[in-house]
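Asks: Structure of the sequence below:
(one chain, ligands or ions: 1)
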Amino acid sequence: MGVLTFILSLHSLSFVFLFIIFYIILSKFRRGRCFSGHGPPTYPVIGCLIPFYRNRNSLLDWYTDLLAQSPTNTIVVQRLGARRTIVTANPHNVEYMLKINFNNFPKGKPFTEILGDFLGHGIFNVDGELWRSQRRFASHEFSVRSSKEFVMQTLEEEVDKRLLPVLESLSMQNQVVDLQELLGRFSFNVICKVTSGITKCCLDPSEPISPLARAFDVASEISAMRGAAPLFIIWKMKRWLGIGSERRLREAVGAIQTHVMEMIHEQKKMNEREETCSEDLLSRLISAGHEEEVIRDMVISFMMAGKDTTSAAMTWFFWLLSHHPAIEQQVVEEIELKSEGSLEYELLKKLKLLKACLCESMRLYPPVAWDSKHALVDDVLPDGTLVKAGDRVTYFPYGMGRMEALWGKDRFEFRPHRWFNEPDQKGGAMKKIDLFKFPVFQAGPRICLGKEMAFIQMKYVAASILRRFKIKPIIPDKPIFVPRLTAHMAGGLKVLVSKREKLT
Ligand code: HEM
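Replies: As a prediction, this is how the structure comes out:
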């Protein structure tokens, strides 16, 4: 018995000893092989699953801290159940993946699979020739002069005739409103009008949001949950079984597709009767003779792209401005001085401080907090980080806006004047924006197609509101930034609206 116990303990000891040797070799091997930057603590087999799980509700700040500690602002994240991921806040790496070696960094199947049920083969969710042809068509349509005029006309109608009267009535009743939700309804209407010529949502906060907007919310939230799931097999199983969130996603996508198909058929009938307004994207796609499914997916992609992005940016803009009354006063003065009472396209361009404030709020709270591509073949990023075929490479606007190396010691402060050549002077020229240091609209060949429209829209809305109203948040001091497909403010931005006194 004694001999048996001795042999057994010898066995256990050698097992423990072997395990320790195996662990040391494996961790050295893994570190040597994977890293040129830093990363979270990583263990054999499970990788960084434990710290990842521990930080799952604050991934943005966890990654930002890790990136700040890395000498090249790049980290490698490996965990069981997920592919090797390189997260970078290094502008040289960002330029390399988004422009210099663009062809090696498509969105890739892991991305398009997550959004495939929702976005189908729309521009947002395809690579290669399918993407190129849609991009060519849409860029042309967005660059023509009539498209700018159409956007301005849409804004005049949606802001002057609908949004401002709602704010007017709220100010008279001294009633609290969720500004994030109101701006969300408004942006949905604008993007619906631009893509299909029809508005879809009621702006009255006491009315429920339209079923179509609701279906978009559900579909984008559940698609984002797929992307954030620690193990992708779980959502795949749920989809296969048709249960829980996956069932809700299927229903929401069904409702969206049916609705958009009806819009296509309606528009076609109008085309036949020659009653069409040919400026919107849907009419142009129909006139170009595209197939119905292609049109449907393209329209859904555009609606998705324009739905919450501008409203998210404006929500944080109003919140930040309300905490910086001196800057708010300067912005109001600029609007009064430059716009001469009207907000035409050329006049909007002169509102530089307003643009700087919008850039500064998107630097701190980017509507798309992170975005990933997948390497086709092995590669090396400019900072020396090895990329293996199939790796996910994520550029990270949220973290980039918080890197001392990029923005200096006051990086956490809202300081719009940093966007000017001479920050201490009043006025002057704005700095040329380095798109790879500030990739909130992405950059390179796949840069956001709606960038210009987004700025026009945000300037028009912000200027129209600020010159007439004061916005006073009544929420806790530090709202929570929640990254989904498009980021938002947890719990909304509850505000009181009051009339602003005219400047003398
Ligand atoms: C503040 C507002 C906006 C921000 C921050 C923003 C940001 C972005 C980003 C980061 C991407 C790249 C996403 C990816 O490839 O996964 C993108 C793509 C895109 N955006 Fe925007 N966007 C905004 C507003 C808009 C608007 C209003 C529209 C519609 C008119 C729009 C249309 C698009 C389209 C069509 C793409 C896909 C481009 C392509 O893949 O070639 N965006 N946007």
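
Asks: Show me the shaky parts of the chain.
Replies: 1-37, 144-146, 230, 274-278, 424-427, 503-504 (pLDDT under 70).

Asks: which residues sit in contact with the residue in the chain that the ligand sits nearest to?
Replies: Taking CB to the nearest ligand atom as the measure, the chain has residue 450 as its residue closest to the ligand, at 2.1 Å. No exception for glycine: its C-beta is placed from N, CA and C like everyone else's. Applying CB atoms under 8 Å, 6 or more residues apart in numbering to residue 450 gives the contacts 142, 302, 305-306, 309.

Asks: so which two of these are the farthest from each other?
Replies: The distance between the two most remote of the contacts of residue 450 (CB to CB) is 15.2 Å, for 142 and 309.

Asks: More neighbours: those two, which one.
Replies: residue 309 (26 against 17; other CB atoms under 10 Å).

Asks: Can you tell me the number of residues neighbouring the residue lying closest to that one once chain neighbours are set aside?
Replies: Leaving aside its sequence neighbours, residue 309 sits nearest to residue 367 (CB to CB, 6 or more residues apart in numbering; 4.3 Å). Neighbours of residue 367 under the rule other CB under 10 Å: 24.

Asks: Residue 367: what secondary structure?
Replies: Put simply, residue 367 is coil when judged by DSSP: H, G, I helix; E, B strand; the rest coil.

Asks: Which positions in this structure make contact with the ligand?
Replies: When proximity is defined as CB under 6 Å from any ligand atom, the chain approaches the ligand at 123-124, 135, 302, 305-306, 309-310, 313, 367-368, 371, 440-442, 446, 448-450, 453-454.

Asks: So which of these sit within helices?
Replies: Among those, the residues falling in helices (DSSP state H) are 135, 302, 305-306, 309-310, 313, 453-454.

Asks: Closest to residue 189 out of the contacts of residue 450?
Replies: For the contacts of residue 450, the nearest to residue 189 is residue 306 (10.4 Å; CB to CB).

Asks: Return the residues in contact with the closest one.
Replies: Residue 306 neighbours (CB under 8 Å, 6+ apart): 187, 190-191, 194-195, 450, 453-454.

Asks: now for the residues you listed, which pair is the farthest apart?
Replies: 195 and 454 (14.2 Å).

Asks: filter the ones in helices among the residues of the chain next to the ligand to the buried ones?
Replies: Buried members of those, counted by 16 or more other CB atoms under 10 Å: 302, 305-306, 309-310, 313, 453-454.

Asks: quick check, nearest of these to residue 73?
Replies: Taking those together and measuring to residue 73 by CB to CB, the closest member is residue 313, at 23.9 Å.

Asks: The closest one is in contact with residue 360, isn't it?
Replies: No: applying CB atoms under 8 Å, one finds residue 313 not in contact with residue 360, separated by 10.9 Å.

Asks: what comes up buried for stretch 378-395?
Replies: Buried, per 16+ other CB under 10 Å, within stretch 378-395: 379, 381-383, 385-387, 391-395.

Asks: Next: stretch 167-185.
Replies: Neighbour counts over stretch 167-185 (16+ other CB under 10 Å) mark 167, 170-171, 177-185 as buried.

Asks: Where strands are concerned, which of these count?
Replies: With DSSP state E as the criterion, strands contain 177-178 from among these.

Asks: so which pair among the buried residues of stretch 167-185 is furthest apart in space?
Replies: Greatest spatial distance among the buried residues of stretch 167-185 (CB to CB): 171 and 184, at 19.9 Å.

Asks: ok, and the closest non-adjacent residue to residue 64?
Replies: Leaving out its chain neighbours, the residue that sits closest to residue 64 by CB to CB, 6+ apart is residue 399, at 4.3 Å.
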